[in-house]
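Asker: quick one: sequence and predicted model below, then my questions.
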Amino acid sequence: MSRIGNKLINIPAGVTVAVAEGNLVTVKGPKGELKAKFNSELTISVEGTAVVVKRPNDTKEIKTIHGTTRALLNNMVVGVSEGFKKTLEINGVGYRAQMQGKKLIVSAGYSHNVEMDVPEGLKVELPKNTQIIISGIDKQVVGQFAAEIRDIRKPEPYKGKGIKYDYEVIRRKEGKTAKK
């Protein structure tokens, strides 16, 4: 029994959910519109102010996608109503970020600056040159872009230099000691 899959998805005010032929779901809200196609064996329906995902049988294949489908639909509804946000912090002497049009330029201790194109539908803010805030309506795109930025220079445990999420805690290690 999928506990996640059986939960209802409440639709907030200002958000509309439409289910077309072949389980093509369109979610429109104040922040934008998202579309996704889901497995046609599942039954997705809008009942009042809630979206219900039901499965036809209890085979292993159907059970595995039941909860995932419900979670993805919920992320679509939350995305168009509230949006998603990831915050990254840059630590290190001379490490910084700047925006140049639709490009994010990160200086992270390499001999060159790393330039990244900001994906369509994302908004990148730099309140400080050592803080990056990525926001958008698609949770997967926001998380993927944040992970790509973090991969430029992952935080290291000795001095704590690198790019990390704001909630991430870096366990520090002690360096080598001289023999007496």
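Answerer: Everything's here; your move.
Asker: every contact and neighbour count from this point should use C-alpha atoms.
Answerer: OK.
Asker: ok so M116 is a strand residue?
Answerer: Yes. According to DSSP: H, G, I helix; E, B strand; the rest coil, M116 belongs to a strand.
Asker: and it, how far from K103?
Answerer: 6 Å (CA to CA, to the nearest Å).
Asker: and the longest strand along the chain, what does it pack against?
Answerer: What stands out as the longest strand in the chain, according to DSSP state E, is strand 84-91. Secondary-structure packing of strand 84-91 (3 or more CA pairs under 8 Å, 6 or more residues apart in numbering; DSSP states H and E): strand 131-136, helix 139-150, strand 162-165.
Asker: 7 Å - rerun?
Answerer: If contacts are counted by 3 or more CA pairs under 7 Å, 6 or more residues apart in numbering; DSSP states H and E, strand 84-91 sits against strand 131-136, strand 162-165.
Asker: how far is it from where the chain is centred?
Answerer: Its chain's C-alpha centre and that of strand 84-91 lie 12 Å apart, by CA atoms, centre = their mean, to the nearest Å.
Asker: ok, and what's touching that strand?
Answerer: Strand 84-91 is contacted by residues 96, 130-137, 139, 146, 160-166 when judged by CA atoms under 7 Å, 6 or more residues apart in numbering.
Asker: count the neighbours of R150 for me.
Answerer: R150 sits with 18 neighbouring residues when counted by other CA atoms under 10 Å.
Asker: so that it lines up with my notes, have the first residue be 59 from now on.
Answerer: All right, first residue 59 from here; so that's R208.
Asker: identify the bridge partners of the closest residue to it other than its chain neighbours.
Answerer: In this structure, R208 finds its nearest non-sequential neighbour in I221, 5.2 Å apart by CA to CA, 6 or more residues apart in numbering. With DSSP bridges as the criterion, I221 is bridged to I148.
Asker: thinking I221 is in contact with A204, fair?
Answerer: No. If you go by CA atoms under 7 Å, I221 and A204 don't touch, sitting 10.0 Å apart.
Asker: where's the residue lying farthest from the centre of the chain relative to K231, distance?
Answerer: What lies farthest from the middle of the chain is K238; by CA atoms, centre = their mean that is 50.4 Å. K238 sits at a distance of 21 Å from K231 (criterion: CA to CA).
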